[in-house]
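> fold the following and give me the result.
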Amino acid sequence: MNNFDSRSHSKWECKYHIVFIPKCRRKVLYGQLRAHLGEVFHKLARHKESRIEEGHLMADHVHMLMAIPPKYAVSEVVGYIKGKSAIHLARVYGERQRNYRGQHFWARG
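Predicted coordinates for the structure are as follows:
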């Protein structure tokens, strides 16, 4: 039981395999953006007291194995990461490339 995380009255091990795609499954996750997105995802996960155990960014989708505490819904954490990362990408890369238009970078779901 020493591999479990703990709260004040509980021990937990909640890990989820999460996959999501850019809008219209565009192949835009490569190069400098790929490395930058990894850092952004880790930072945003820490804001929700979660951590990314393992992750892979492919050209047209993202795989993450996340440990999310039971006090947060999985959809809440994933929605937060997708929303904040889309806003961040629009601010950083929006003027350089037309693919980052608006704040709708990720597909729904």
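> immediately after the strand or helix carrying residue 37, which helix or strand?
Per DSSP states H and E: residue 37 is located in helix 31-47. Per DSSP H and E, the first helix or strand lying C-terminal to helix 31-47 is strand 51-57.
> burial of residue 45, as a residue count?
22 (other C-beta atoms under 10 Å). From N, CA and C alone the C-beta is placed, and that goes for glycine too.
> wait, is residue 24 part of a strand?
No: Residue 24 sits outside any strand when classified using DSSP: H, G, I helix; E, B strand; the rest coil, being helix.
> measure it to residue 92 for me?
21 Å (C-beta to C-beta, to the nearest Å).
> who has more neighbours out of the two?
Between residue 24 and residue 92, residue 92 has the larger neighbour count (other C-beta under 10 Å), namely 13 against 8.
> for the more buried one, helix, strand, or coil?
Quick answer, by three-state DSSP: residue 92 is helix.
> show me where the protein dips below the pLDDT cut-off.
Counting by pLDDT under 70, the ranges of the chain that qualify are 1-2, 95-103.
> tally of neighbours for residue 58?
By other C-beta under 10 Å, neighbour count at residue 58 equals 13.
> how about it, nearest residue that isn't a chain neighbour?
residue 29 (6.6 Å; C-beta to C-beta, 6 or more residues apart in numbering).
> could you list every residue that touches the one you found?
22, 37, 57-62 (C-beta atoms under 8 Å, 6 or more residues apart in numbering).
> change it to 10 Å
Neighbour list for residue 29: 21-22, 37, 57-62 [criterion: C-beta atoms under 10 Å, 6 or more residues apart in numbering].
> give me the angle between whichever strand or helix holds residue 64 and helix 31-47.
In this assignment (DSSP H and E), residue 64 forms part of strand 62-67. Counting by axes from the mean of the first three to the mean of the last three C-alpha atoms, to 10 degrees, strand 62-67 points 20 degrees away from the direction of helix 31-47.
> quick check: angle from strand 62-67 to strand 51-57?
170 degrees.
> pull out the buried residues from strand 62-67.
62, 64, 66-67 (16 or more other C-beta atoms under 10 Å).
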